[in-house]
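Student: any chance you can model this:
(one chain, ligands or ions: 1)
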Amino acid sequence: MTSHLPLLEIKNLSKSYGAVKAVNDVSIHIDRGEIAGLIGPNGSGKSTFFDCSTGLAKPDTGTVVLDGQDITGWSLNRIAREGRMLRSFQKTVTFRSLDVEENLVIAGQMFTFPSITSTFGLGKMSRQRVGGLRERARDLIKMAGLWDVRHQPAGNLSGGQQKLIQFASMLMPEPKLILLDEPMAGINPKIIERVVDTIRYANKSLGVSFLVIEHNIDVVTSICQRVIVLDQGAKLVEGLPGDIIQDQRVREAYLGG
Ligand SMILES: Nc1ncnc2c1ncn2[C@@H]1O[C@H](COP(=O)(O)OP(=O)(O)OP(=O)(O)O)[C@@H](O)[C@H]1O
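Tutor: The predicted structure follows:
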């Protein structure tokens, strides 16, 4: 209905913590079908920008418009459920005692069903829906390379595999947009490759758009169509990945050299 508009448009976002201007008048947009990167030195405001965009923190100023709807002030939950914009955190969260498949099915159920499930007749409907969720979960598990461990408790798997579970779980509710906070942190090169493949698959085959905070510049340049750079809370520059890594301001503030 609003396909000519950006999927996400954030204008003049600011957030201070006491005297620290964590985010200072930042405006960005994400187009439909895009994978964009958000980079910058430690403490440049990337996570705070995510927090204020996704309802976790209240911005001091600014507006957040998702798919043509002003969602400024909505809670994290409402943005996830009604806006279908999800975010990850730097710390990986899984249901450790549940197996991989159950982790994904539960993630799907949490978004599919309202919190009060006493509606008359929901039992029958939910069985059908759960069947659909299980099928989707299995497809995503295959795609994420977790098929051989699908019946193992998540807590028995490596940190990298748990990141893949978390990422695949985020795809269960058919999101429009996912904000990933350092998805490659602390994982080995083989799993990095798998996460990259999974992001590409979600983007190309499931139509999910992404904004990715990432310090691994090789990953940023290989998956992102556009990169936005923050420095000291403000937007320093944005552009094509190839231009960004050559930009003298970015080299001085972040990349070195
Ligand atoms: N809840 C908070 N209370 C006080 N200060 C905060 C809070 N959250 C962030 N800050 C401060 O805001 C600034 C930006 O922090 P933020 O975590 O957003 O940066 P970042 O770019 O995500 O850093 P990193 O790459 O290290 O994760 C920092 O100076 C940080 O100390």
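
Student: for the closest residue to residue 107 other than its chain neighbours, what are its contacts?
Tutor: In space, residue 107 comes closest to residue 169 once its chain neighbours are excluded; the distance is 3.6 Å by CB to CB, 6 or more residues apart in numbering. Yep, even glycine has a C-beta here, placed from its N, CA and C like the rest. Residue 169 is in contact with 94, 103-104, 107, counting by CB atoms under 8 Å, 6 or more residues apart in numbering.

Student: rerun at 7 Å
Tutor: Contact analysis of residue 169 by CB atoms under 7 Å, 6 or more residues apart in numbering lists 103-104, 107.

Student: with residue 223 instead?
Tutor: 35, 196, 199-200.

Student: could you rerun that using 8 Å?
Tutor: With contact taken as CB under 8 Å, 6+ apart, residue 223 is in contact with 35, 37, 196, 199-200, 212.

Student: residue 249 too?
Tutor: With CB under 8 Å, 6+ apart, residue 249 has these contacts: 229, 236-237.

Student: just the buried ones from these, in PyMOL syntax?
Tutor: Filtering these down to the buried ones (16 or more other CB atoms under 10 Å) takes a single PyMOL command:
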select buried, resi 229+236
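
Student: of the contacts of residue 249, closest to the ligand?
Tutor: residue 229 (10.9 Å; CB to the nearest ligand atom).

Student: right, and the helix or strand after the least confident helix or strand in the chain by mean pLDDT?
Tutor: Sorting the helices and strands of the chain by mean pLDDT, DSSP states H and E puts helix 122-143 at the bottom, at a mean of 79. Using DSSP states H and E, the helix or strand that directly follows helix 122-143 along the chain is helix 159-171.

Student: only the buried residues of that next one, if you could.
Tutor: 160-171.

Student: for the closest residue to residue 188 other than its chain neighbours, give its distance to residue 50.
Tutor: Nearest non-adjacent residue to residue 188, counting by CB to CB, 6+ apart: residue 160, 6.0 Å away. Distance from residue 160 to residue 50, counting by CB to CB, to the nearest Å: 22 Å.
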